[in-house]
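# below is the structure, and that's it, no one-letter string:
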């Protein structure tokens with residue numbers, strides 16, 4: 001895969017100052033520097049970070065709330081992972097979007113690796129920047145609140161879960177839609193054509209935030225619907241009981 005990138009960089013026109021592997025090849029990415037770490041090293045570190053977060057969260061939940069159902073524990077893991085990615089990783093992009101091209105710190109190199117599937121992350125694209133900023137500083141903190149509310153059985157858990165899940169799914173739909181619109185109507189391809197970059201990075205990795213939030217959204221809607229149904233039954237029973245007592249009192253009189 002590294003040879004593909006090298007070939008692409010060599011094929012770029014030096015006259016236009018576009019010696020980079022990102023699509024479209026003619027897009028200007030000022031001060032671009034190739035990553036110092038290889039793709040394999042970057043992905044290994046990223047996966048290790050995710051597993052560390054999952055492992056630490058699992059140990060904490062098992063110790064503090066060992067009797068939580070498995071589905072609830074899994075939801076906590078998901079929201080902690082999402083919160084960490086949103087707030088730290090996507091927050092990094094939001095704050096540092098103007099210096100992404102030459103960045104050589106870990107997150108900078110990870111974003112340049114991901115940008116092979118979407119070069120908008122290296123050009124301060126207005127939609128991507130606004131979407132990631134909202135995601136980082138709104139959905140990120142709320143994910144941590146939801147994880148905590150699950151452990152305490154706080155009734156705010158499901159309303160907030162619905163808000164965050166809808167926000168994540170809506171943002172993803174717009175993310176896909178804007179890229180596809182530019183591809184089909186403006187002939188602008190932001191992703192390299194290789195399977196890894198388009199189908200794995202751009203589509204599959206992001207689609208996780210459609211599947212899991214979708215399942216959690218359905219779960220919360222069903223829980224709230226059942227709660228209101230039970231409340232309505234209880235209210236109706238109380239009303240009948242009150243009416244019966246009132247009628248009985250009249251007969252006694």
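Thanks, I have it. Predicted model, so just to flag it, every value in this text is computed and none were measured. Numbering: from 1, shown residues only.
# buried sites along the host helix or strand of residue 159?
When elements are assigned from DSSP states H and E, residue 159 belongs to helix 157-185. The neighbour-count check on helix 157-185 (16 or more other C-beta atoms under 10 Å) flags 157-158, 160-165, 167-169, 171-172, 175, 178-179, 182 as buried. From N, CA and C alone the C-beta is placed, and that goes for glycine too.
# which residues touch the most centrally placed residue in the chain?
Among the residues of the chain, the smallest C-alpha distance to the mean C-alpha position (C-alpha atoms, centre = their mean) belongs to residue 209, namely 5.2 Å. Neighbour list for residue 209: 82, 168-169, 172 [criterion: C-beta atoms under 8 Å, 6 or more residues apart in numbering].
# also compute the angle for the strand or helix carrying it relative to helix 157-185, please.
Taking DSSP H and E as the criterion, the element that holds residue 209 is helix 206-252. Per axes from the mean of the first three to the mean of the last three C-alpha atoms, to 10 degrees, the angle that helix 206-252 makes with helix 157-185 is 140 degrees.
# for helix 206-252, the distance to its chain's centre please.
The chain centroid and the centroid of helix 206-252 are separated by 31 Å under C-alpha atoms, centre = their mean, to the nearest Å.
# same question, stretch 102-109
Distance, stretch centre to chain centre, for stretch 102-109: 21 Å (C-alpha atoms, centre = their mean).
# likewise for stretch 62-76?
22 Å.
# please report how far the residue nearest to the centre of the chain lies from residue 170.
Remark: distance between residue 209 and residue 170 (C-beta to C-beta, to the nearest Å) = 11 Å.
# low-confidence ranges, the stretch 151-253 of the chain, go.
244-253 (pLDDT under 70).
# now do the buried residues in the helix or strand harbouring residue 140.
Following DSSP H and E, one finds residue 140 within helix 140-152. Buried residues in helix 140-152, counted by 16+ other C-beta under 10 Å: 140, 142-147, 149-151.
# from those, pick the one nearest residue 57.
Of all the buried residues of helix 140-152, residue 147 has the smallest distance to residue 57: 8.0 Å, by C-beta to C-beta.
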